[in-house]
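In: Need the 3D shape of this:
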Amino acid sequence: MQRFADNIEEHSTILDIGTGNGALIEILQTNHNFKCIGVDKALINKDYINSVNGEILSGVSAEQLPFKNGQFDHVISQFAIEYTNVNKSIEEVYRVLKSKNNFVFICHHPESVIIKSNQEILDTSIKIKSKLIAHLDNVAKALVEGRNDLIKNNFEFIDAFIFENWGNLNGLKGSNLLAFVDFLKRNQGKEVNFVKALELFKKELELLILRLQELINAADNLSVIVNKLKESEIELELGHIREDKSAALLACFMYAKTAQHKCTIES
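Out: Predicted coordinates for the structure are as follows:
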């Protein structure tokens with residue numbers, strides 16, 4: 001994104017979709033003076049809003065941008081546009097741009113190491129929810145009641161599940177199962193509220209599954225974004241962002257070849 005900033009005119013108006021805490025705006029403003037506005041559907045902490053070298057509007061949907069037609073010279077989005085209703089949000093991008101060619105999107109790629117790693121965690125988390133929660137419930141209650149026979153039987157089942165899925169160690173660690181089972185075993189015989197601890201683990205697991213499903217679905221939106229952009233007869237430049245040492249695929253970027261900001265985007 002720094003090369004993008006170096007290749008556009010000073011004082012350009014830039015809209016950052018999915019700005020979060022405004023980190024991308026801060027990068028763009030390094031050694032530059034742009035008029036940047038960031039929007040995010042989430043409610044952003046006021047401390048971030050007040051500290052960014054630009055304006056941040058929280059609670060704003062990309063599908064319904066509160067700006068005039070042709071208000072911005074450039075629109076950027078990093079790991080955000082793919083989470084939206086793409087057909088609606090890209091139409092809004094075109095509407096608020098002075099020239100619909102002047103956008104840069106960085107998106108998750110379904111074949112990236114980020115997505116593949118999180119897919120492993122998601123798959124394991126779903127398995128835990130469907131196959132293991134009942135046994136975790138049993139062992140938590142048995143630990144409270146001191147029923148050693150039930151403790152032994154359920155730990156044997158849990159250990160067998162872990163052994164069966166050991167080939168996906170990333171998934172076991174990422175789901176926090178290994179740490180939680182270790183917690184149960186280390187605290188056996190102690191005055192610990194195991195049932196409450198399990199409820200917290202289950203709540204975190206549900207949130208993890210929801211978050212990762214959203215991530216995977218967003219990455220799958222890549223083809224929808226590309227097709228939508230090509231509908232406008234834009235000659236689209238697509239590229240990959242790779243890790244420096246391993247060359248592992250991290251994400252992809254896209255912009256219009258006819259845009260004035262032709263550039264190489266690096267990780």
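
In: Give me the neighbour count for the spatially closest residue to Val86 that is not a sequence neighbour.
Out: Leaving aside its sequence neighbours, Val86 sits nearest to Val224 (CB to CB, 6 or more residues apart in numbering; 4.8 Å). Any C-beta I mention is one placed from the backbone N, CA and C, and that applies to glycine too. Val224: 14 surrounding residues under other CB atoms under 10 Å.

In: One more: Phe194?
Out: Considering only other CB under 10 Å, Phe194 is surrounded by 20 other residues.

In: Skipping its backbone neighbours, what lies nearest it in space?
Out: Excluding its sequence neighbours, the residue lying closest to Phe194 (CB to CB, 6+ apart) is Ala140, at 4.2 Å.

In: same question for stretch 4-19, mean pLDDT?
Out: Confidence for stretch 4-19, expressed as mean pLDDT, is 90.

In: buried ones in that stretch?
Out: 4-5, 8, 12-19 (16 or more other CB atoms under 10 Å).

In: next one: stretch 169-181
Out: 171-172, 174-177, 180-181.

In: do stretch 229-248 as well
Out: 229, 234, 237, 241-242.

In: before we move on, back to that, could you pull up the residues touching the residue nearest to Phe194?
Out: 184, 194-195, 197-198 (CB atoms under 8 Å, 6 or more residues apart in numbering).

In: Residue ranges in the stretch 1-150 of the chain under the pLDDT threshold?
Out: 2 (pLDDT under 70).

In: What segments of it are strands?
Out: 13-17, 35-40, 55-58, 74-78, 103-107 (DSSP state E, counting those that start in this stretch).

In: partner strands of the longest one, parallel or antiparallel?
Out: The sheet places strand 35-40 alongside strand 13-17 (parallel), strand 55-58 (parallel), with pairing taken from DSSP bridges.

In: what angle do the first one and strand 103-107 make?
Out: Right, strand 13-17. 20 degrees (axes from the mean of the first three to the mean of the last three CA atoms, to 10 degrees).

In: Can you show me the CA trace of strand 13-17 as PDB?
Out: The C-alpha trace of strand 13-17 is given here as PDB (Å, rounded to 0.1, in the frame of the first residue of the first chain):
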ATOM      1  CA  THR A  13      -9.500  12.000  -1.300                       C
ATOM      2  CA  ILE A  14      -9.300   8.300  -0.200                       C
ATOM      3  CA  LEU A  15     -12.100   6.100   1.200                       C
ATOM      4  CA  ASP A  16     -10.900   3.000   3.200                       C
ATOM      5  CA  ILE A  17     -13.700   0.400   3.500                       C
END
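
In: contact partners of that strand?
Out: In contact with strand 13-17 (CB under 8 Å, 6+ apart) are residues 22, 24-25, 28, 34-39, 54, 62, 65, 67, 71-78, 80-81, 84, 89, 93, 96.
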